[in-house]
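Asker: Provided below are the primary sequence and the corresponding predicted coordinates.
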Amino acid sequence: MSWTNELYRVYELAKDTEAGKGMLPLSHSTANAQIEVTVSEAGEFVSAAEVAKDNSVTIIPVTEDSGARANGITPMPLADKLVYIAGDYPQYAEGKRADNSEYFKAYMEQLGGWCKSEYSHYAITAIYAYLEKRQLLHDLVESGIIEVDEVSGKFTDKKLNAIAQEDAFVRFIVSGRELCCTWLDKDLHRLFQEYYESTLGSCGLSYADGKTGAITYKHPAKIRNSGDKAKLISANDSTNYTFRGRFANKEEAFAVSYEFSQKVHIALKWLISRQYVSHVKEKTGEVVTYNPFSFDTLQLLVWNSALGFVPRVTESIFDMFSETEEYDATLRFPDMLDRMFRSGRESALPESKVMIMGLDAATTGRLSIAMYSELSESDFYANLKKWHSGTAWRRYNAKLGKVVTDSCSLPLIAKCLYGTEQGGMLECDKKQMGDTVLRLLPCVTEGKRLPHDVVARLCVNASSPLSYEKEYNHRNVLETACALIRKEQAEHGNNLYCKGEINMAYDPNCTDRSYLYGCLLAIADKAESDTYEGEKRVTNARRLWSAFAARPYQTWQIIEERIEPYLEKDQGKMVWYTKKLNEIMAKMSPEDFTDNSRLSPMYLLGFHHYNALLWGGNNNTDNNGED
């Protein structure tokens, strides 16, 4: 299990570093708290408050059972839900858990064991003394945190951060000699860790690292976020054909020590938490925190053995560049690549590796490793550079308001493949997005070839401009298709769609039939649109685009006939565009021109190249500024 060994190394490497301060202690997890209760050192109620959603993530001590709880009565050691910690819960609750006596008893017995041990803490003693009074809910009602019905005296339907009142999670502050926020107190974390280690059961051989230690079969959940119930390692089925006759029981098949499991899972959670970034919305100024490696149930994770800089492998070079430094218009694209990856290469050790992992949940309770690979850091950066240089294309950047050379991001490819227009933008199903990103990721990180069906579908979508209400969405699809055509051509020795390398700009020496027909389509489109005088309409070239790709000679005659009345409005434009058409036709043999068979994807390149040429190499004025 190389991935477990690498995660174990991450824990050992990071635990004593400044960055590792955000790592969870052993025997701890996180939960989202809705209520914060302050008690005095003498065990008296002081105050209560509702926890803001953006401050709700709480570090809590956990046992093997509580850290993996799903059903049954398994209390947390300290912070927990009201049903466990409120002795007066039956007075306010209805339903099957209205009698919480067994829950409360189990919780108080567990907390009492910690209080009586040599690892006790004044804050724990204070909380225990307060909860023994069985008046928590009474105090919360009096404080206005919990709302009850005036007639029945039972819980109302009020929600606390979208959670029903009766299911609220409570954390504690103890005031006295000093203010102790229990979820942040390092001494409290250490004391519980030492206390719990003293209670662990018999030892055995851990198959993961070959050491002797307390064996566990209950592994942590909450890997991707604090609300995640899926577990990566699980063994709770001992009937029927579980062991296929090879082993008598689960102990023979699988054994991992509690310490090893804790360190691996804590390191995994920490690495995922490091991937979160904050973004300020331009229109509202709102700060949004998100994980750019998260796609629905799929969670990607990339790290190196030295815990150094690792680029975001799913994004375009411009997106990555703009996150680290301001865009410099004077830089050439190869220089952007070099600058982007220089910090990673300079921090790389000769023996350092990069690990790429994909975690996905097919069900609520089970997390699978959808992909895992290890690469030397030099190979990783070489593959990344190969992807970004190979998918580079001239495309319009709405943020800059100009055409720049940029590579393809994997989410953009997924949207161009399967997206539909929603709110004027291309959006696709989140699950489909994740599946596409996972499928294309080896092309980025391992240098594998593009799947041909991906390029083929993009070409089909780019050949259907009427499928898009907004012209800039079709342009996005067209630019992405051209980029991947160029990439696939290079992967096949520059001999797949034509002979030679595909350029990003118009090639006047190219005599490929499809390429030249694409140039004709661009001229017809621009010639007609120039006569609209600011009016936004669909040109005949775009209206007949799909038919043109399938039957170019036949459809071109129709397009040529339909644009004549537009050109006759302006004799100057008619002469200029007629000259351009004749220049392209002169490069085609009569046989090629009258060939009515379907065009190859090269015609998309011809259209895009000549369209950029006609617009002066810059699409600033395209689409009437809709971008």
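Answerer: Nice, thanks for sending it over. Residues are numbered from 1 along each chain as shown.
Asker: Touching, A33 and D167? I think so.
Answerer: No - assessed by Cβ atoms under 8 Å, A33 is found out of contact with D167, at 12.0 Å. Where you see a C-beta, it was placed from the backbone N, CA and C, and this is true even at glycine.
Asker: More neighbours: these two, which one.
Answerer: Higher neighbour count among A33 and D167: A33, with 26 against 14, using other Cβ atoms under 10 Å.
Asker: which residues touch the more buried one?
Answerer: With contact taken as Cβ atoms under 8 Å, 6 or more residues apart in numbering, A33 is in contact with V51, S56, T58, A79, F169, V170, R171, W183.
Asker: Tell me if the last one really is in a helix.
Answerer: Pointing back at W183 there. No - under DSSP: H, G, I helix; E, B strand; the rest coil, W183 sits outside any helix and is assigned coil.
Asker: Any idea how many residues pack against it?
Answerer: So W183, with other Cβ under 10 Å, has 22 neighbours.
Asker: just the second one next, same as before
Answerer: The number of residues packed around S56, counting by other Cβ under 10 Å, is 20.
Asker: Give the burial count for the closest residue to R543 other than its chain neighbours, as a bare number.
Answerer: Closest residue to R543 apart from its sequence neighbours, by Cβ to Cβ, 6 or more residues apart in numbering: L466 at 6.8 Å. The tally of other residues near L466 (other Cβ under 10 Å) stands at 12.
Asker: Please verify my assumption that L466 contacts V538.
Answerer: Yes - assessed by Cβ under 8 Å, L466 is found in contact with V538 at 7.2 Å.
Asker: So the chain: which segments form each domain?
Answerer: Following automatic domain parsing, one finds the domains of the chain at 1-27+200-274, 33-198, 277-448.
Asker: Out of those domains, which gets nearest to I558?
Answerer: With Cβ to Cβ, the closest approach to I558 among those belongs to domain 277-448: 27.7 Å.
Asker: gap between the two ends of that closest one?
Answerer: Using Cα to Cα, to the nearest Å, one end of domain 277-448 lies 29 Å from the other.
Asker: if we can go back for a sec, relative to K487, which of the domains of the chain is closest?
Answerer: Closest of the domains of the chain to K487 is domain 277-448, at 4.4 Å (criterion: Cβ to Cβ).
Asker: quick check: mean pLDDT across that closest one?
Answerer: Mean per-residue pLDDT for domain 277-448: 84.
Asker: and what of stretch 174-187?
Answerer: 92.
Asker: which residues in the stretch 101-250 of the chain form helices?
Answerer: 101-116, 122-131, 136-142, 186-199, 250-253 (DSSP state H, counting those that start in this stretch).
Asker: Include distance to G606 when you put the domains of the chain into TSV, please.
Answerer: Output for these, formatted as TSV (distance: least, Cβ to Cβ, whole Å):
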stretch	distance to G606
domain 1-27+200-274	45
domain 33-198	52
domain 277-448	14
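Asker: which residues touch the nearest residue to Y196 once chain neighbours are set aside?
Answerer: Among residues not flanking Y196 along the chain, S27 sits closest, at 4.8 Å (Cβ to Cβ, 6+ apart). Going by Cβ under 8 Å, 6+ apart, S27 touches P61, V62, T63, F192, Q193, Y196, E197, Q262.
Asker: what's whichever strand or helix holds the last one packed up against?
Answerer: Assigned by DSSP states H and E, Q262 falls within helix 258-274. Contact analysis of helix 258-274 by 3 or more Cβ pairs under 8 Å, 6 or more residues apart in numbering; DSSP states H and E lists helix 2-14, strand 212-216, strand 298-304 as its packing neighbours.
Asker: Can you say which of those is packed in most?
Answerer: Among the helices and strands packed on helix 258-274, strand 298-304 has the highest mean neighbour count (mean count of other Cβ atoms under 10 Å), at a mean of 23.
Asker: in its sheet, what does it sit against?
Answerer: strand 294-295 (antiparallel), strand 353-360 (antiparallel) (DSSP bridges).
Asker: and I369, how many residues sit next to it?
Answerer: Other residues near I369 come to 11 when the count uses other Cβ under 10 Å.
Asker: what's the spacing between it and L301?
Answerer: To L301, I369 is 10 Å away according to Cβ to Cβ, to the nearest Å.
Asker: if I look at the two, which residues touch both of them?
Answerer: Contacts common to I369 and L301, judged by Cβ under 8 Å, 6+ apart, are M357, G358, L359.
Asker: tell me the contacts of the residue nearest to the first one when sequence neighbours are not counted?
Answerer: To tie it back to what came earlier, the one meant is M357. Of all residues not flanking M357 in the chain, L301 sits nearest, at 4.5 Å (Cβ to Cβ, 6+ apart). By Cβ under 8 Å, 6+ apart, the residues touching L301 are L268, L271, I272, Q275, F293, M355, I356, M357, G358, L359.
Asker: try 7 Å this time
Answerer: Each residue near L301 by Cβ atoms under 7 Å, 6 or more residues apart in numbering is listed here: L271, I272, F293, M357, L359.
Asker: any idea which of these is closest to E44?
Answerer: I272 (40.1 Å).
Asker: can you pull the pLDDT of the closest one?
Answerer: Predicted confidence (pLDDT) for I272: 92.
Asker: so what does the helix or strand that the helix holding Q262 is followed by touch, helix or strand wise?
Answerer: Using DSSP H and E, the helix or strand that follows helix 258-274 towards the C-terminus is strand 277-280. Counting contacts by 3 or more Cβ pairs under 7 Å, 6 or more residues apart in numbering; DSSP states H and E, strand 277-280 is packed against strand 287-290.
Asker: How far off centre is the strand it packs on?
Answerer: The chain centroid and the centroid of strand 287-290 are separated by 13 Å under Cα atoms, centre = their mean, to the nearest Å.
Asker: Can you list the neighbours in contact with it?
Answerer: The contact list for strand 287-290 (Cβ under 7 Å, 6+ apart) reads Y276, V277, S278, H279, V280, K281.
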